[in-house]
Structures are given as C-alpha cells and as structure tokens.
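**Q** sequence and predicted model, in that order:
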Amino acid sequence: MSAKCPCSDSHVPLIKKMADKYKDFKFAVIHSNLDETKADSQKYFKKAAFNFDVIQDVKTQIADQFEAYKTPHAFILNPNGEIIYQGGVTNSSHAPAADEFFLENALNEINSGKAVSTPEGRTLGCVILRESEIK
C-alpha cells in the first residue's frame, strides 16, 4: 500500500471490509515506497485506521522478495508460505469502479475448500519505487 497513491487509497475501505469479513485470514499492509517520508506514511496509515498490522518495508526488502510491482499488490500465502494468489485487489485502479474482485474471489474459494481458480490478477496502481529509482 502507498500513502500517496490514489489507486491504493481507493482500495482502503474494501480491504478493511474484507479483513472484517474474513477473520480466519491474517491481513497485513506492507508499505514499501521509498519516496514517501516516514512522517507522511505514519500520518496516512494512522488516518486509514486499519484494524491489522501495517509493516514498514525497509529498503523494499519485502516487495523485492515477493516481486511486488505496484500498489496495491495483494498476496495470499498458504500455511506453507507458498503464494496461492497474487495481483490486484480488483480489476480497477479505482476500487468503486471495479466489477471484478480478485482478492475477495480467492478468499471465498479458499473458505469453500476450493483451489484458487485465478491465482494471478492484473495489478493496477502506482509503481513501488525502489532506492535505485529515486532521483
């Protein structure tokens, strides 16, 4: 997630709603953008009032490990730590305009004991800036 990306911001209410609905899943937000100041990101995430952990990704180590490219980029891991879904939360960079809900569909399938039928959804949003990209 990003403190300044409008795409990411538009998904906050939806992600919070999913975290409330899917209590058997552990949600966390990873903040990886190195071009956002610590003060700005802390202020933003405090205002967003997520009811789960917000993790500061020092030097984009987590984003690099998961090959996250844009915000929001969602991942579902199975109990063995394997990625069983990755990609966009929805099919829109502006969540209220979405008509496909990739992350929620995957969570529903898992809850029903099914395999995730769409293990990868297109990620739309702002690029996660790495140290080498900041000028």
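**A** That came through, no problem. Numbering: from 1, shown residues only.
**Q** what about the chain, any weak spots by pLDDT?
**A** For the chain, the stretches flagged by pLDDT under 70 are 134-135.
**Q** show me where it has its helices.
**A** Applying DSSP state H to the chain gives helices spanning 6-21, 38-48, 61-66, 102-111.
**Q** same for the second one, what does it pack against?
**A** Okay, so that is helix 38-48. The contact analysis (3 or more CB pairs under 8 Å, 6 or more residues apart in numbering; DSSP states H and E) places helix 38-48 against strand 28-31, strand 53-56. Bear in mind the C-beta positions are built from the backbone N, C-alpha and C, glycine included.
**Q** same check on the first one?
**A** Helix 6-21 is packed against strand 70-71, helix 102-111, strand 126-127, with contacts defined by 3+ CB pairs under 8 Å, 6+ apart.
**Q** want to try JSON lines for these, with distance to Ala95 and mean neighbour count as columns?
**A** Converted to JSON lines, the helices and strands packed on helix 6-21 look like this (distance: least, CB to CB, whole Å; neighbours: other CB atoms under 10 Å):
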{"stretch": "strand 70-71", "distance to Ala95": "12", "mean neighbour count": "23"}
{"stretch": "helix 102-111", "distance to Ala95": "11", "mean neighbour count": "18"}
{"stretch": "strand 126-127", "distance to Ala95": "14", "mean neighbour count": "14"}
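**Q** looking at the ones you listed, which is closest to Lys16?
**A** For the helices and strands packed on helix 6-21, distance to Lys16 was read as CB to CB. The smallest value, 12.5 Å, belongs to helix 102-111.
**Q** from the chain's centroid, how far away is that closest one?
**A** In terms of CA atoms, centre = their mean, to the nearest Å, the centre of helix 102-111 is set 14 Å apart from its chain centre.
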